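Student: quick one: sequence and predicted model below, then my questions.
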There are 2 protein chains.
Amino acid sequence: MTGIPSPPAIKAWARLMRVSRQLLERAEDALKDSGLPSLAWYDVLHELAEAGEGGLRPFQLTERTLFAQYNVSRLLARLEADGLVEKLRVADDGRGQTVRITGKGRETRRRMWAVYGRSIAGLVGARLSNDELDALSVLLGRLRHPAVME
Amino acid sequence: MTGIPSPPAIKAWARLMRVSRQLLERAEDALKDSGLPSLAWYDVLHELAEAGEGGLRPFQLTERTLFAQYNVSRLLARLEADGLVEKLRVADDGRGQTVRITGKGRETRRRMWAVYGRSIAGLVGARLSNDELDALSVLLGRLRHPAVME
DNA sequence: TCTATCTAGATGCATTTGCATCTATCGTCA
DNA sequence: TGACGATAGATGCAAATGCATCTAGATAGA
């Protein structure tokens, strides 16, 4: 019974894919124009900033972001090379490490947010009312995988 | 006044980005699991199928899809190598060409749609009612760039 | 008509991604 | 303790992408 999608489903899908790509591209362009790193870097820095001094294990980053394991691995290598994060040996697991954001990393994240936040405000905040934004969030929330009971 | 995004805007943005990436990945995985080409190929084949026998110029594909010009160029080269499209010299513009979908291309598109359509049905059609899907489409439509009056 | 500018499309090179696999360590169970 | 499967993370290689630039043909203006 779910073999062929209904026209409303096709339309919603098409718009979701198209709009999200467009907006993402816009946000990326704004960062690039300001000479800042890409959103992938932002995502990682954001998670690490939220995690605080304790830092995070790479596999935790893999879970929280939607990046593949090998992508996280290489992303962290670049972030470390730029001095935005530091890797610490972790005591109780010889395989692992803990990644912590540095002062420079926090500073970079702040500068990125100034641009990124402005993009979000302009691309989304300025186009829908708060009620509409909430309605959108609810609808999108229902599409999450795995489905979440809320 | 659009410097800092409101919490509802941030939430809607985050969900939009996350959900769209997740669903896209799911749909791509389904195609891959069936041994079919990626959605990028589908998008091009879809546009060409809609265009009919007249075909499309590559720059028209660049406009309609969200791919960069050089990506369209290389995508078409691969599609042609696979015999899914054919390039025809166009009479009135020596720089250009017309790209037309072949029978094999139509057949591939059909097989991809069997899988892709099922993904759409399962990922969005089965999760929201038609009214909700329409509401989602309307909200997303308001986020399009450039803005469209409808 | 000659030249400068623009547009269509391709491509060389560097970076990034995907895939598969590798190494090292951990945990479990005999 | 020793062997085996599972987990953390890295990496070699191939494919895809981004960026800049190139070539060929079109267009406009003197």
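Tutor: Everything's here; your move. Residues are numbered from 1 along each chain as shown, chains lettered A, B, ... in the order given.
Student: which residues touch A:Glu132?
Tutor: B:Leu139, B:Arg142 (Cβ atoms under 8 Å, 6 or more residues apart in numbering or on different chains). The way it works is simple: take the backbone N, C-alpha and C, and place the C-beta from them, glycine included.
Student: and what of the one 10 residues further on?
Tutor: A:Arg142 sits next to B:Arg127, B:Leu128, B:Glu132 when contact means Cβ under 8 Å, 6+ apart.
Student: which of these fall in helices?
Tutor: B:Glu132 (DSSP state H).
Student: surely A:Tyr42 meets A:Val115?
Tutor: No: A:Tyr42 is not in contact with A:Val115 according to Cβ atoms under 8 Å; the separation is 9.6 Å.
Student: what touches both of these two?
Tutor: A:Leu31.
Student: let me see the ranges of the strands in chain A.
Tutor: A:85-89, A:97-101 (DSSP state E).
Student: coming back round to it: the contacts of A:Arg142 also near DNA strand C: which ones?
Tutor: Restricting the contacts of A:Arg142 to those touching DNA strand C (Cβ under 7 Å from any atom of the strand) yields no residues.
Student: can I get the contacts of A:Arg142 in a markdown table with pLDDT?
Tutor: Output for these, formatted as a markdown table (pLDDT from 0 to 100):
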| residue | pLDDT |
| --- | --- |
| B:Arg127 | 97 |
| B:Leu128 | 98 |
| B:Glu132 | 98 |
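Student: and the residue nearest to the spatial centre of chain A, how far is that from B:Arg57?
Tutor: Closest to where the C-alpha atoms of chain A average out (Cα atoms, centre = their mean) is A:Asp43, at 3.9 Å. For A:Asp43, the distance to B:Arg57 equals 37 Å [Cβ to Cβ, to the nearest Å].
Student: again with A:Arg57
Tutor: Distance check for A:Arg57 against B:Arg57: by Cβ to Cβ, it reads 51 Å.
Student: what do you get for A:Tyr70?
Tutor: According to Cβ to Cβ, A:Tyr70 stands 38 Å off from B:Arg57.
Student: who's more crowded, those two?
Tutor: Neighbours were tallied for A:Tyr70 and for B:Arg57 using other Cβ atoms under 10 Å in any protein chain shown; the higher tally belongs to B:Arg57 (16 against 9).
Student: pull the number of nearby residues for the closest residue to the more buried one other than its chain neighbours.
Tutor: Leaving aside its sequence neighbours, B:Arg57 sits nearest to B:Gly96 (Cβ to Cβ, 6 or more residues apart in numbering or on different chains; 5.5 Å). B:Gly96 is flanked by 15 other residues according to other Cβ under 10 Å.
Student: so how far is the longest helix seen in chain A from its chain's centroid?
Tutor: Counting by DSSP H, the longest helix found in chain A is helix A:7-33. Taking Cα atoms, centre = their mean, to the nearest Å, one finds helix A:7-33 lying 15 Å from the centre of the chain it belongs to.
Student: could you list the buried residues of it?
Tutor: Of the residues in helix A:7-33, A:8-13, A:15-20, A:22-24, A:27-28, A:30-31 count as buried by neighbour count, 16 or more other Cβ atoms under 10 Å in any protein chain shown.
Student: same question, stretch A:101-115
Tutor: Residues A:Ile101, A:Thr102, A:Gly105, A:Thr108, A:Arg109, A:Met112, A:Trp113, A:Val115 are the ones in stretch A:101-115 that count as buried (16+ other Cβ under 10 Å).
Student: perfect, I'm done here.
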